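K.L.:
fold the following for me, if possible:
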Amino acid sequence: MPMTVSTHGRQHAALIHIAKRDSIHPLKAALIRVAAIILALLVCAVVINSVTGLNPLKVYMGVIDGAMGTPRRTWVTIRDALVLLCVAIGLTPAFKMHFWNIGAEGQILVGAIASAALMINASTLPGWLLLPLMFLASMIAGMIWGVIPAFFKAHWNTNETLFTLMMNYIATQLVTFCVVFWENPAGSNSVGVINPATKAGWLPALFGQTYGWNCVIVLTLMVLMYVYLKYSKQGYEIAYVGQSESTARYAGISVKKVIMRTMAISGAVCGIAGFILVSGASHTISTTLSGGRGFTAIVVAWLSKLNTFVMAFVSYALVFMQKGASQIASQFNLNENVSEIVTGIILFFVLGCEFFINFSVKLRGRRKAD
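P.N.:
Numbering: from 1, shown residues only. Predicted structure coming up:
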């Protein structure tokens, strides 16, 4: 209902009327997003030209070159997008339940620790046995890291946002301890490349592609998570608890059980991301291994409205911008802050357009004089 303003006893309708949309046609929503991206590029062009004096079109070509200018760059972009997508998939069930899991960084790291430990201490095992063990160990480690805050939330209603966030720091210190325990040079925060000679624990190439197995694992998780949340009984319970815990209890759903189970799944998938990073990407373990993906994945999940298929596109788009921004910083000898500003402007418009998708904005029309 539009607001009114009274002036000397006369009622005037508000200049702007904002109302929550019940629904919006998918085509209209897509057009709003496209318009937001176009506006973002135009604003970025103005900023680039005014700050650096460069031709914005050349800078945009540099972004494309940085993300997919060579076969290696293309695959690195795809690899990083797959890891980001895996983390976003892991966050999806927790967010669907309105359990704000901010601890994906820690869950990735403990999953990576489990994989690295097996690569170092069980390198003599055959690959067909070692790799599944690493996968399982990473999944269990992430699951445990997710269940801990869920247990406290379910039994004592602790704040899951702070709890999961603090556990990220604990996981980082665990990595530091493991690096020292595995007899690294003093002051090092990484164990270096693990098993470079034997490649024990490294995911092999698939269909001639170095990151083929990464694609198979993550895309399988994407489909399974979508089906689980949309069509399974447990997915229905997750959505029900997310809408209202009291209503869920009235309907006979064990809220504590759902919270624990859902966070076990969320942590397990994030732990798998740790396995992919160690076994299928960097082949090492360090305190910076997760690279902020646990927080970037929150943006991916939110922009995708928890649709795992949409997450694939959003993940690639974000990684594409990150790689391109790094390229223009080096190619045009720009300060890294300039590339971050460009990325920030694009994200601002992409995130901001969701307001116009969720709300309708109408201006007050002129009234004819009585």
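K.L.:
residue closest to the middle of this structure?
P.N.:
residue 297 (1.1 Å; CA atoms, centre = their mean).
K.L.:
quick check: which element contains that one?
P.N.:
helix 293-303 (DSSP states H and E).
K.L.:
what about the helix or strand that that helix is followed by, average pLDDT?
P.N.:
Moving toward the C-terminus from helix 293-303, the next helix or strand (DSSP H and E) is helix 308-331. Helix 308-331 carries an average pLDDT of 87.
K.L.:
got the angle between helix 308-331 and helix 293-303?
P.N.:
Put simply, helix 308-331 runs at 130 degrees to helix 293-303, going by axes from the mean of the first three to the mean of the last three CA atoms, to 10 degrees.
K.L.:
report the buried residues of the one helix or strand residue 42 maps to.
P.N.:
Using DSSP H and E, residue 42 sits in helix 26-52. By neighbour count with 16 or more other CB atoms under 10 Å, helix 26-52 contains the buried residues 29, 33, 36, 40, 44, 45, 48, 52. C-beta here means a position set from N, CA and C on the backbone, and glycine is covered the same way.
K.L.:
distance of the first one relative to residue 360?
P.N.:
The one in question is residue 29. 12 Å (CB to CB, to the nearest Å).
K.L.:
could you check the pLDDT of residue 302?
P.N.:
With respect to pLDDT, residue 302 scores 89.
K.L.:
distance-wise, check it relative to residue 106.
P.N.:
Distance of residue 302 to residue 106, given as CB to CB: 20 Å.
K.L.:
which of those two has more neighbours?
P.N.:
With neighbours defined as other CB atoms under 10 Å, residue 302 and residue 106 compare such that residue 106 has more, 30 against 15.
K.L.:
in a helix, that one, correct?
P.N.:
Yes. Assessed with DSSP: H, G, I helix; E, B strand; the rest coil, residue 106 lies in a helix.
K.L.:
touching, it and residue 167? I think so.
P.N.:
Yes. Shown here, residue 106 and residue 167 form a contact pair, counting by CB atoms under 8 Å, at 4.6 Å.
K.L.:
common neighbours of those two, please.
P.N.:
Common neighbours of residue 106 and residue 167, using CB atoms under 8 Å, 6 or more residues apart in numbering, are residue 145.
K.L.:
ok, how many other residues are close to residue 67?
P.N.:
24.
K.L.:
distance of it relative to residue 343?
P.N.:
12 Å.
K.L.:
which residues do those two both contact?
P.N.:
Common neighbours of residue 67 and residue 343 (CB under 8 Å, 6+ apart) are residue 321.
K.L.:
what sits against residue 332?
P.N.:
By CB under 8 Å, 6+ apart, the contact set of residue 332 is 52, 54, 59, 62.
K.L.:
in helices only, show me the residues you listed.
P.N.:
Judged by DSSP state H, the contacts of residue 332 include 52, 59, 62 as members of helices.
K.L.:
closest to residue 231 among those?
P.N.:
residue 62 (44.0 Å; CB to CB).
K.L.:
residue 328 is in contact with that closest one, correct?
P.N.:
Yes. With contact defined as CB under 8 Å, residue 62 reaches residue 328; the gap is 4.3 Å.
K.L.:
comparing those two, which residue is more hemmed in?
P.N.:
Higher neighbour count among residue 62 and residue 328: residue 328, with 25 against 22, using other CB under 10 Å.
K.L.:
would you mind measuring from that one to residue 214?
P.N.:
Computed as CB to CB, the residue 328 to residue 214 distance reads 27 Å.
K.L.:
ditto for residue 110
P.N.:
20 Å.
K.L.:
swap in residue 79?
P.N.:
6 Å.
K.L.:
between these two, who's got more neighbours?
P.N.:
residue 214 (25 against 20).
K.L.:
may I have the predicted confidence score for that one?
P.N.:
91.
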